[in-house]
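S.K.: Attaching a predicted model along with its sequence, questions to come.
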Amino acid sequence: MTYCVGMLVEEGLALIADTRTNAGVDSISTYRKLHVVDRPGERVLGVCTAGNLSVTQTALAMAREGVHLNVGEPAQTLETAPTLFRCAQILGHALRSVRLSIAPALEADSLNTSASMLLGGQINGGQMGLFLIYSQGNFIECGQDTPYLQIGELKYGKPILESGLGYDSSLAEAVKLGLISFSTTMRSNVGVGAPFDVLTVRRDYFSGEQRRIEQDDSYFADLHLRWTQAQAAARRSMPEPPWMKRPRPSVVES
């Protein structure tokens, strides 16, 4: 299992992905799931992956080599595609092709072949965007009303983003909320864990900043502690149900 989130706010884009891959409690490995194409001044793209690791790795390799989207056209890659929309098409085509190719063999062994990707970034001459790409090759685009997309183990972190993130949030606020959503998810699912990879891109800068957050990262540890304490304080400050009055101790007559 994994967890990845992309957040698109007015100031820019943030992508966060965990690195844990497990095939049972006794087989846990670390693989990078945030892949970056950074050509300063020209384009910066981030791709997060979730699901069957062999499917996503093969699809990414296909996208790097080049994909023929239309007969007679030259192959295109994430580094040569003219628009972000075309990059989403390339990844969708690659993901669908890989699943159709290897799914029968994997499913014969009762292996799950589902996979999904997040694509975010900006290419010079176009707008910044964020896409969620499904196993079938189709995709949706992030909008201002709900300025985030998730893949993987998303249910535990969703309430944090739903209640706190807005399109007018700062990029730093988005990263903070994203990391809190990871903290919440880790507490509920051991299949998600550090280190986390983070990519932040400011709108129209065409260059990204990458960071890896380890398990013992001081900021993440402090954020986790403060969030836990804040939740406990908020819970204690809320009134108890008025119909749940404590019973008076009974008096035993001698």
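M.R.: Everything's here; your move.
S.K.: got the CA coordinates for stretch 232-241 in PDB?
M.R.: Provided in PDB are the C-alpha atoms of stretch 232-241 (Å, rounded to 0.1, in the frame of the first residue of the first chain):
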ATOM      1  CA  ALA A 232      -6.400  16.100  22.500                       C
ATOM      2  CA  ALA A 233      -6.900  19.700  23.700                       C
ATOM      3  CA  ALA A 234      -9.800  20.300  21.300                       C
ATOM      4  CA  ARG A 235     -11.400  17.100  22.400                       C
ATOM      5  CA  ARG A 236     -11.200  18.000  26.100                       C
ATOM      6  CA  SER A 237     -12.600  21.500  25.500                       C
ATOM      7  CA  MET A 238     -15.800  20.200  23.800                       C
ATOM      8  CA  PRO A 239     -18.800  19.900  26.100                       C
ATOM      9  CA  GLU A 240     -20.100  16.500  27.000                       C
ATOM     10  CA  PRO A 241     -23.600  15.400  25.800                       C
END
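S.K.: That one - what's its average pLDDT?
M.R.: In this model, stretch 232-241 carries a mean pLDDT of 93.
S.K.: Likewise for stretch 78-89?
M.R.: If you average the pLDDT over stretch 78-89, you get 96.
S.K.: which residues touch that stretch?
M.R.: 37, 39, 43, 45, 47, 63-64, 66, 69, 76, 90-91, 119, 121-123, 126-129, 131, 133, 139 (Cβ atoms under 8 Å, 6 or more residues apart in numbering). Just so you know, the C-beta spots here come from the backbone N, C-alpha and C atoms, and that holds for glycine as well.
S.K.: Might you list the low-confidence residue ranges for the stretch 51-200 of the chain?
M.R.: Applying pLDDT under 70 to the stretch 51-200 of the chain flags the ranges 106-111.
S.K.: Now do the helices in it.
M.R.: 53-65, 84-108, 158-164, 171-188 (DSSP state H, counting those that start in this stretch).
S.K.: Pick the most buried one from these.
M.R.: Of the helices of the stretch 51-200 of the chain, the one with the most neighbours on average (mean count of other Cβ atoms under 10 Å) is helix 171-188, at a mean of 20.
S.K.: contacts for that one?
M.R.: So helix 171-188 is contacted by 3, 5, 7, 9, 11-14, 16, 18, 153, 156-161, 164-165, 169, 192-194, 196, 198, 200, 202, 213, 220, 223-224, 227 (Cβ under 8 Å, 6+ apart).
S.K.: Only the buried subset of these, as a ChimeraX command please.
M.R.: Buried members of the contacts of helix 171-188, defined by 16 or more other Cβ atoms under 10 Å, are picked up in ChimeraX with:
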select :3,5,7,9,11,12,13,14,16,18,153,156,157,160,161,165,169,192,193,194,196,198,200,202,213,220,223,224,227
